[in-house]
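*Asks:* after the sequence you'll find the predicted model.
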Amino acid sequence: MTEVGEKRDGAFRSVLVATDLSEGSDLFVQTAAAIAARSGAALHLVHAVEDDAGEERARRALGEQARRAAPAAELHVASTAPDRAIAERAEAVRADLVVVGPHVRGAGSGLLGSTAERVLGSAGAPCLVVRVPLAPSVRHVVAAVDPGHRMDSVLESAVRWALLFGGEAGVPHVTALYVTGDRSEGPPAELDGALGLALARCHALGRVHGSVALRGTDVVESIVLYVEVEASDLLVLSTHNRGVLGRALLGSVSAEVTRRAPCNVLLVPPRSDD
């Protein structure tokens, strides 16, 4: 177990979690608290109110939630739109991970809430969408990638997560998943190379197993089915990638996968060098 102040490989420095103060959001807050504790990171809890009149009441409710789920968190209440409050606080505390819930609208709608959509589409830091409790020890992380577009940040994020939460139940595994209409020639050479480079950059060779999987042809169905069959602990996607359908991922492929994934989803913005 990580001692207080001890930094693990793959650790985050500053974790921000957004809450609507409902009991259901305790799951997101507890998840963020566990990640911060594992990383030795600062934890920040933010809530937005519609007007100044409700600010004091929100502060009391936020304090109660913190006592239940994240006693060590720094608390912040903002009188502004939720997505703006999250973005501004994330920048202020230099968050390198933002934790949100899916905020599904309406029974059976399958839609992410508008706040989650806006945050995930514009955040400069990786965003973790929490659907299930955090696995105490990661066994399998899946990184869905396109060899023709922005792979490095997604693969390295998957490897870092495996390093941070893996190892206690055996060597964790990272799979680079590529959905293609033509699997006859096997995985592209650049995909194998990118995965090997990600392992090397994260100093994970021998500590994290890596492999490539090909599936096709429907990108959404293939990704969701793969992580379900594999009982994966985490799915990692790019926020601005393009799948084989030629559509920008967030707002189409990544948003749909995030809505339907049975596991937690980490959405990673591309780096300038991707």
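*Replies:* Thanks, I have it. The structure displayed is predicted, hence computed values, not measured ones.
*Asks:* pLDDT weak spots in the stretch 51-200 of the chain?
*Replies:* For the stretch 51-200 of the chain, applying pLDDT under 70 flags the ranges 103-123.
*Asks:* could you chop this structure up by domain?
*Replies:* 14-129, 140-268 (automatic domain parsing).
*Asks:* need these in CSV (columns: mean neighbour count).
*Replies:* C-beta here means a position set from N, CA and C on the backbone, and glycine is covered the same way. Listed next are those as CSV, based on neighbours: other Cβ atoms under 10 Å:
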stretch, mean neighbour count
domain 14-129, 19
domain 140-268, 20
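*Asks:* now do the strands in the stretch 1-150 of the chain.
*Replies:* For the stretch 1-150 of the chain, strands defined by DSSP state E, counting those that start in this stretch occupy the ranges 14-18, 42-49, 74-79, 97-100, 127-129, 140-144.
*Asks:* packing partners of the shortest one?
*Replies:* By that I understand strand 127-129. Judged by 3 or more Cβ pairs under 8 Å, 6 or more residues apart in numbering; DSSP states H and E, strand 127-129 is in contact with strand 97-100, helix 114-122, strand 264-268.
*Asks:* give the partner strands of it in its sheet and their orientations.
*Replies:* Applying DSSP bridges to the sheet, strand 127-129 is found paired with strand 97-100 (parallel), strand 264-268 (antiparallel).
*Asks:* can I get those strands in CSV with distance to E185?
*Replies:* Formatted as CSV, these follow (distance: least, Cβ to Cβ, whole Å):
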stretch, distance to E185
strand 97-100, 37
strand 264-268, 28
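*Asks:* who wins for proximity to I35 among these?
*Replies:* Proximity to I35 (Cβ to Cβ) singles out strand 97-100 among those, at 6.7 Å.
*Asks:* mind checking how far the closest one is from the chain centre?
*Replies:* Its chain's C-alpha centre and that of strand 97-100 lie 7 Å apart, by Cα atoms, centre = their mean, to the nearest Å.
*Asks:* could I get the CA-only coordinates of that strand as CSV?
*Replies:* Presented in CSV, the C-alpha positions along strand 97-100 are these (Å, rounded to 0.1, in the frame of the first residue of the first chain):
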residue,chain,number,x,y,z
LEU,A,97,-7.0,14.3,-14.0
VAL,A,98,-10.6,15.4,-13.9
VAL,A,99,-13.2,12.9,-12.5
VAL,A,100,-16.8,13.1,-13.6
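*Asks:* now do the residue nearest to A32 when sequence neighbours are not counted against V130, distance only.
*Replies:* Distances taken as Cβ to Cβ, 6 or more residues apart in numbering put V17 closest to A32, at 3.5 Å, once the chain neighbours are dropped. Counting by Cβ to Cβ, to the nearest Å, the gap from V17 to V130 is 9 Å.
*Asks:* overlap in contacts of those two?
*Replies:* Shared contacts of V17 and V130 (Cβ atoms under 8 Å, 6 or more residues apart in numbering): F28, T31, V99, V100.
*Asks:* partner residues bridging T175?
*Replies:* In this structure, T175 bridges to V142, S211 when assessed by DSSP bridges.
*Asks:* list the contacts for it?
*Replies:* H140, V141, V142, A143, G210, S211, V212, A213, E230, S232.
*Asks:* and the residues you listed, which is closest to P187?
*Replies:* For the contacts of T175, the nearest to P187 is V212 (4.3 Å; Cβ to Cβ).
*Asks:* what's the closest residue to the closest one other than its chain neighbours sitting at in phi/psi?
*Replies:* Leaving aside its chain neighbours, V212 sits nearest to P187 (4.3 Å; criterion: Cβ to Cβ, 6+ apart). Phi and psi for P187, reported as degrees, to the nearest 10, are phi -70, psi 140.
*Asks:* what is the end-to-end distance of stretch 138-150?
*Replies:* Length of stretch 138-150, first residue to last, Cα to Cα, to the nearest Å: 25 Å.
*Asks:* could I get the shared contacts of V17 and V130 as CSV with distance to I86?
*Replies:* Converted to CSV, the shared contacts of V17 and V130 look like this (distance: Cβ to Cβ, whole Å):
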residue, distance to I86
F28, 12
T31, 16
V99, 10
V100, 8
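*Asks:* can you say which of the strands of the stretch 1-150 of the chain is nearest to A87?
*Replies:* Closest among those, once you apply Cβ to Cβ, is strand 97-100, at 8.8 Å.
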